[in-house]
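**Q** can you look at this prediction? I've put the sequence above it.
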There are 2 protein chains.
Amino acid sequence: MSQSAAKPRVTSFEVAERAGVNQSTVSRALSGDPSITEQTRERVREAADALGYRVDARAARLRSGKTRTIAIVVITRPGMGATEINPFHYNLLGSTCAAASDMGYQALVSFQSEAGHFDGDYVETRQADGVVLLGTSTNDAAWDYHHAMLGRADVASWGSPFVDHPRVDSDNRQGARLAVERLLAGGHRQIAFIGDTREIQNQFRERYDSYCDVMGANELEHGPPVWVEGKTRVEQGRLSAAALIDSGRRFDGIFCSCDAMALGVLELLHERGVGVPDEVGVIGFDGLGSGAYSNPPLTTVEPDFRQAGVLLAEAALGESDAAKTRRVPVQLVERESVRKTR
Amino acid sequence: MSQSAAKPRVTSFEVAERAGVNQSTVSRALSGDPSITEQTRERVREAADALGYRVDARAARLRSGKTRTIAIVVITRPGMGATEINPFHYNLLGSTCAAASDMGYQALVSFQSEAGHFDGDYVETRQADGVVLLGTSTNDAAWDYHHAMLGRADVASWGSPFVDHPRVDSDNRQGARLAVERLLAGGHRQIAFIGDTREIQNQFRERYDSYCDVMGANELEHGPPVWVEGKTRVEQGRLSAAALIDSGRRFDGIFCSCDAMALGVLELLHERGVGVPDEVGVIGFDGLGSGAYSNPPLTTVEPDFRQAGVLLAEAALGESDAAKTRRVPVQLVERESVRKTR
DNA sequence: CTGAAAGCGCTAACAC
DNA sequence: GTGTTAGCGCTTTCAG
């Protein structure tokens, strides 16, 4: 069929020869160096087009010392398929890629779940100028592996289970406030918090603390966090809701620490014949798309993903003060799992 | 604080000196060349560790002529945020990244929506060995831009609106068969098809054709495809379902060309007081996670995403016959939008 | 089994 | 404004 000869790569030298200029002039002309005459640049361009020449990015980067690339590692759990990854993390991934692109950077992405395949040395090996870590906080081996780099100026992260380093995160306190106040506005008074607040779950603890504050400010009692272990967040939500009901504790509202759990809560409430939002109002956190189709559609607190991507990319590229935690603004997404305000 | 001097990069020459060997020996030792004595390799390794040496990937790739990278471009629509991207495409993206990783490749990912930012020249610029194109088929400008590369041996795609090239796709005929036969098994007889079957929508037309075949084989009448334009697939589903009801045509089952539309269909049916699955059975296509939380949970046809990723990566790397369309096996995911079989 | 030498294709000082 | 000259850091013949 075709010739078995290796593709004869066209180099800048050939372009130079055809355009009748020096090779370095080709480089300058094509990279937009202003000191090149428009006329020369045009001649070079023509020669390049005629030859089908394209700059070899590897050589350009080696010589220039730059990578113009940002690495994004998404932590998942062993055995987890692409469909089981939390959509929240996909959103973060998409936003970070977009932000990187806007900043003129490429995105090298890697899904990591198992020991032996962990890798965060993108900067050391000169593959990227910075790295963004995100994904499930429930893969200890993965986070342990990456722990050491979490303080670096060229590393940004979202959702790390550690508390000893700066990060990018939702404005959890404000989000919880929005949620609880909305529940109150709907006439819900006995509001329970469902979520894991162990020390390492910093985000959830911040949401819980803020929930307690808002309840207190309204002279209402807050309860202890309700949380039952389960394989997935959805299952944790189901189990927690069941435990809450079975505990006999009275409640007419639930603030869930995340949407995936809220979806499980909604399922269980439905199965137990508890009406939402009439008997019990429910609000989640994360802005999951699935919540728009749940029964009933889930009211939730959504972070500004675009902004999240920007902050993550900037932090990884050292364009912001990496020494402090950055907060992403949140907003309430009204759907139908809370009673209407009058 | 720290010294303002540029980071003094450690090279293989310094490692060589410390280990008392030649620079080329360092390269061989570290790359696992079997001709190096275990003893020498160990000495080199120690020196490298002591100096914090890491191979510069840019230099290694330039010299070796390889990239060990696959580019993945996800086509979206202008103005679309990360949360609005169809989860189906995220799943495909995740699977392709995973497959690439398993094959020893990196993944360079790029979300593209607007003219001026389109780019598919990853192979020409030696940034990747192949490219995978996926995403929404409803961005003409983007696909027109990429059209020319769709036939290449180093390019694979999913969901292109063009019909003049091989691709990777679900086994649409088999999927439609599974769906319709399941509806039939649930006692649904008057089954309508909702979806866009214009020529360029090859996937949907295949699903429609297969639906017709199965209906015919069961001596049942098939109807014309029902489809109403709308901004999003969900809206299209809502509008189409409304149109179907308003047409007065009798139906007790709906096979939807995709889950996003099915979710809209479910919403509208609920609003109109039509019971699912008792009065009308509904099945979608794509295996969207959101379907698990819809009202009722949506029975659907799901492609094997893992396999999809493998086929896409292989096709992009020329490891399979790029000249022919590859089919990804599908399976029925039973949820609750169809009547139980007896 | 290891050393010597070449050079991947480009960018960037430095000349003129 | 353009040419000359190095050399980025590595892999890979080719010797021995």
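**A** That came through, no problem.
**Q** span of stretch A:27-47 from start to end?
**A** 13 Å (Cα to Cα, to the nearest Å).
**Q** quick one: it near DNA strand D?
**A** Yes - interface with DNA strand D: stretch A:27-47 contributes A:28, A:35-37, A:39-40 (Cβ under 7 Å from any atom of the strand). Every C-beta, even on glycine, is put in place using the N, C-alpha and C of the backbone.
**Q** now check that stretch, is it near DNA strand C?
**A** Yes - Stretch A:27-47 reaches DNA strand C (Cβ under 7 Å from any atom of the strand) through A:27-28, A:30-31.
**Q** just the ones of the residues of stretch A:27-47 next to DNA strand D in strands?
**A** Assignment to strands by DSSP state E places none of those there.
**Q** if we take these, which one ends up nearest to DNA strand C?
**A** Among the residues of stretch A:27-47 next to DNA strand D, A:Arg28 lies closest to DNA strand C (Cβ to the nearest atom of the strand), at 6.8 Å.
**Q** narrow the residues of stretch A:27-47 next to DNA strand D to just the buried residues.
**A** Buried residues within the residues of stretch A:27-47 next to DNA strand D, counting neighbours by 16 or more other Cβ atoms under 10 Å in any protein chain shown: A:28, A:36, A:40.
**Q** from the residues of stretch A:27-47 next to DNA strand D, which has minimum pLDDT?
**A** The lowest pLDDT within those belongs to A:Ser35, with 87.
**Q** what about the residue lying closest to A:Glu229 once chain neighbours are set aside, which SS state?
**A** Once flanking residues are discounted, A:Glu229 sits nearest to A:Gln236: 6.7 Å by Cβ to Cβ, 6 or more residues apart in numbering or on different chains. What DSSP: H, G, I helix; E, B strand; the rest coil gives for A:Gln236 is helix.
**Q** who's in contact with A:Gln236?
**A** A:196, A:227-230, A:261, A:264 (Cβ atoms under 8 Å, 6 or more residues apart in numbering or on different chains).
**Q** which one of the buried ones among the residues of stretch A:27-47 next to DNA strand D is nearest to A:Ser170?
**A** Among these, A:Arg28 lies closest to A:Ser170 (Cβ to Cβ), at 46.1 Å.
**Q** and the closest residue to the closest one other than its chain neighbours, what is it in contact with?
**A** Nearest non-adjacent residue to A:Arg28, counting by Cβ to Cβ, 6+ apart: A:Ile36, 5.2 Å away. By Cβ under 8 Å, 6+ apart, A:Ile36 lies in contact with A:25, A:28-29, A:44.
**Q** which one of those is nearest to DNA strand D?
**A** Nearest to DNA strand D among the contacts of A:Ile36: A:Thr25, at 3.3 Å, using Cβ to the nearest atom of the strand.
**Q** pull the number of nearby residues for that closest one.
**A** 21 (other Cβ atoms under 10 Å in any protein chain shown).
**Q** what segments of the stretch 1-150 of chain A are strands?
**A** Ranges of strands in the stretch 1-150 of chain A, per DSSP state E, counting those that start in this stretch, are A:69-75, A:106-112, A:130-135.
**Q** tell me the angle the last one makes with strand A:69-75.
**A** Angular relation of strand A:130-135 and strand A:69-75 on a 0 to 180 degree scale: 20 degrees, by axes from the mean of the first three to the mean of the last three Cα atoms, to 10 degrees.
**Q** show the pLDDT at the residue of the stretch 151-300 of chain A found nearest DNA strand D.
**A** Closest approach between the stretch 151-300 of chain A and DNA strand D, counting by Cβ to the nearest atom of the strand: A:Asp154, at 17.1 Å. Listed pLDDT for A:Asp154 reads 94.
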